[in-house]
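Asks: Just to be clear, the model below is a prediction. Sequence and coordinates:
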Amino acid sequence: MSKNIQAIRGMNDLLPADSDLWLFVEKVMSDLFTSYGYKYISTPIVEKSETFCRAIGEATDIVEKEMYTWKEQSGDSLSLRPEGTAGCVRSMIEHNLPREGIQKVFYRGPMFRHERPQKGRYRQFHQIGVEVFGANGPKIDAELMSMTNSLWHKLGLKDVTLNINTLGSSESRLKYKEILRDYFLDCKDSLDADSIRRLEKNPLRILDSKNIEMQSIIENAPKLMDNLDDESRKHYNDFINYLECLNIPFQVDTKLVRGLDYYNRTVFEWTTNELGSQGAICAGGRYDSLVELMGGKPTPGVGFAIGIERIVLLLQKLDLLIPEPLSIYIMPLADDAQIKSMQIADDLHAAFPEAILYNDISHGNIKNQFKRANKANAGYALILGNDEISNNQVSIKPLKGQGEQITVSIEKMINYFKEGV
Ligand code: ATP
Ligand code: MG
């Protein structure tokens with residue numbers, strides 16, 4: 001026998017046992033975003049590498065070491081997408097959409113980063129994210145916070161923390177970069193190799209360092225907050241005022257600069273303490289110069305991405321129950337019950353579109369079919385034995401301890417599930 005083939009490290013199967021929770025999470029999110037006026041958008045998983053290099057920035061972990069990139073025979077360099085914003089922006093520009101007014105979109109799907117796999121960190125992972133193009137003020141930044149805040153409530157997640165910071169305008173950021181470079185140059189001997197490399201290219205990224213030995217130097221670094229331009233300060237203050245008026249608790253984290261180059265002004269991250277160093281569950285910010293940088297007309301942008309694996313891990317860890325729909329196991333036991341069982345299944349599907357119906361296909365005996373019904377975690381068994389078939393009836397047996405088995409006409413069956421559940 002030849003050796004089994006296995007999946008690639010860091011790229012996981014989603015197995016049937018876990019997929020209910022996964023679909024629940026995706027549905028809650030898509031429904032919520034839709035209710036805030038966002039439209040679904042889908043862009044290819046593969047893009048020209050330039051799309052990502054230009055958007056994300058050359059001196060970032062993602063572009064420097066995490067992208068899956070290869071050369072086509074034509075010489076084009078292509079990459080698997082490491083995140084969703086770059087493709088969205090490319091698509092917006094290509095189809096000229098911002099010209100039609102403010103665009104609110106959400107996307108979801110797999111992203112790829114060549115990182116060291118560990119719990120909550122994978123090489124293929126899934127994000128659901130939103131982007132808004134064409135809206136300038138802090139109101140939309142605040143609406144994103146209000147929307148995510150209500151998302152955690154809907155999912156039943158408590159103890160998530162909102163961290164915010166501001167990166168100012170690109171000009172004040174540039175000025176700040178120089179101030180920061182001077183500061184870090186003065187303590188160059190204490191910097192690690194990564195930071196020394198970043199010193200020239202992008203000293204801001206040193207603040208993002210996860211090296212514990214660097215933390216006190218970072219802690220004492222000059223703050224962008226003290227070097228803001230007036231307009232960015234007003235944007236920031238107004239943003240905070242919205243959060244306070246909407247009772248959304250937050251912490252200011254002046255070290256929060258985000259791993260991608262394209263952000264300005266508002267940046268934020270929702271974190272949890274339950275997932276160790278993979279604590280970021282949702283992250284994003286404003287990127288007012290990105291559309292122009294990618295070749296479009298100047299168009300402000302703001303958005304975020306949520307890591308689905310981390311949300312699912314968190315829900316599993318907290319053991320939160322997801323709502324169970326009506327579920328019925330149909331047992332055609334009489335020899336001639338198969339066609340009837342299909343007709344009944346049709347009626348039930350039409351009457352209860354959200355219900356889960358299992359119409360037995362095992363042809364096992366009654367004991368066997370009850371076993372299967374329990375394994376499927378069905379709430380009810382619908383029995384079609386000889387007596388039921390000859391009287392045009394069904395027997396309904398609750399499987400989770402609610403009530404007695406009863407026999408009713410097929411017409412009354414629908415009523416039973418409407419009222420009896
Ligand atoms: P981290 O600091 O954990 O590396 P990041 O800043 O690189 O996160 P973003 O690029 O902002 O992450 O992506 C948004 C979200 O996507 C993260 O908050 C996280 O929930 C999720 N995410 C990012 N990288 C991974 C990964 N390799 N595996 C699983 N989820 C991820
Ligand atoms: Mg990362």
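Replies: That came through, no problem. Ligands and ions are numbered 1, 2, ... in the order given.
Asks: By residue count, tell me the biggest helix in the protein.
Replies: Scanning the chain for the helix with the most residues, using DSSP state H, yields helix 16-35.
Asks: Give the pairing partners of the helix or strand that comes right after it; include direction for each.
Replies: The element immediately downstream of helix 16-35 (helix or strand, assigned by DSSP states H and E) is strand 39-40. The strands that strand 39-40 pairs with in its sheet are strand 103-112 (parallel) (by DSSP bridges).
Asks: I would like the residues contacting the strand it pairs with, please.
Replies: By CB atoms under 8 Å, 6 or more residues apart in numbering, the surrounding residues in contact with strand 103-112 are 26, 29-30, 33, 36-43, 45, 67-68, 80-84, 87-88, 92, 97, 123-134, 308. For every residue, glycine as well, the C-beta is placed using N, CA and C.
Asks: Show me which of the residues you listed are buried.
Replies: Judged by neighbour count, with 16 or more other CB atoms under 10 Å as the criterion, the buried members of the contacts of strand 103-112 are 26, 29, 33, 38, 41, 43, 67-68, 80-84, 87-88, 92, 97, 123-134, 308.
Asks: ok, and which of those reach ligand 1?
Replies: Restricting the buried ones among the contacts of strand 103-112 to those touching ligand 1 (CB under 6 Å from any ligand atom) yields 83, 125, 127.
Asks: and the gap between the residue in the stretch 251-400 of the chain positioned nearest to ligand 1 and residue 209?
Replies: Scanning the stretch 251-400 of the chain for the residue nearest ligand 1 gives residue 307, at 2.3 Å (criterion: CB to the nearest ligand atom). According to CB to CB, to the nearest Å, residue 307 stands 21 Å off from residue 209.
Asks: swap in residue 79?
Replies: Residue 79 sits 25 Å away from residue 209, taking CB to CB as the criterion.
Asks: Could you do residue 225 as well?
Replies: Spatial separation of residue 225 from residue 209 under the definition CB to CB is 19 Å.
Asks: do the same with residue 309
Replies: Distance from residue 309 to residue 209, counting by CB to CB: 24 Å.
Asks: More neighbours: which of the two?
Replies: In this view residue 309 and residue 209 are compared by other CB atoms under 10 Å, and residue 309 has more residues nearby, 21 against 18.
Asks: pretty sure that one is in a helix, no?
Replies: Yes. Using DSSP: H, G, I helix; E, B strand; the rest coil, the secondary structure at residue 309 is a helix.
Asks: Which residue is the nearest non-sequential neighbour of it?
Replies: Here the nearest residue to residue 309 in space, its sequence neighbours aside, is residue 125; by CB to CB, 6 or more residues apart in numbering that works out to 5.3 Å.
Asks: Kindly state the pLDDT recorded for that neighbour?
Replies: The predicted local distance difference test score for residue 125 is 98.
Asks: Could you do residue 199 as well?
Replies: Reported pLDDT for residue 199: 85.
Asks: Tell me which helix or strand it sits in.
Replies: When secondary structure is defined using DSSP H and E, the element that contains residue 199 is helix 193-201.
Asks: what's in contact with that helix?
Replies: Around helix 193-201, the neighbours that count as contacts under CB under 8 Å, 6+ apart are 58, 59, 181, 184, 185, 188, 191, 205, 206, 209, 211, 214.
Asks: In terms of secondary structure, what does the strand or helix carrying residue 282 contact?
Replies: For residue 282, the host element (DSSP H and E) is strand 280-286. Using 3 or more CB pairs under 8 Å, 6 or more residues apart in numbering; DSSP states H and E as the contact criterion, the secondary-structure elements in contact with strand 280-286 are helix 138-155, strand 264-272, strand 301-307, helix 308-318.
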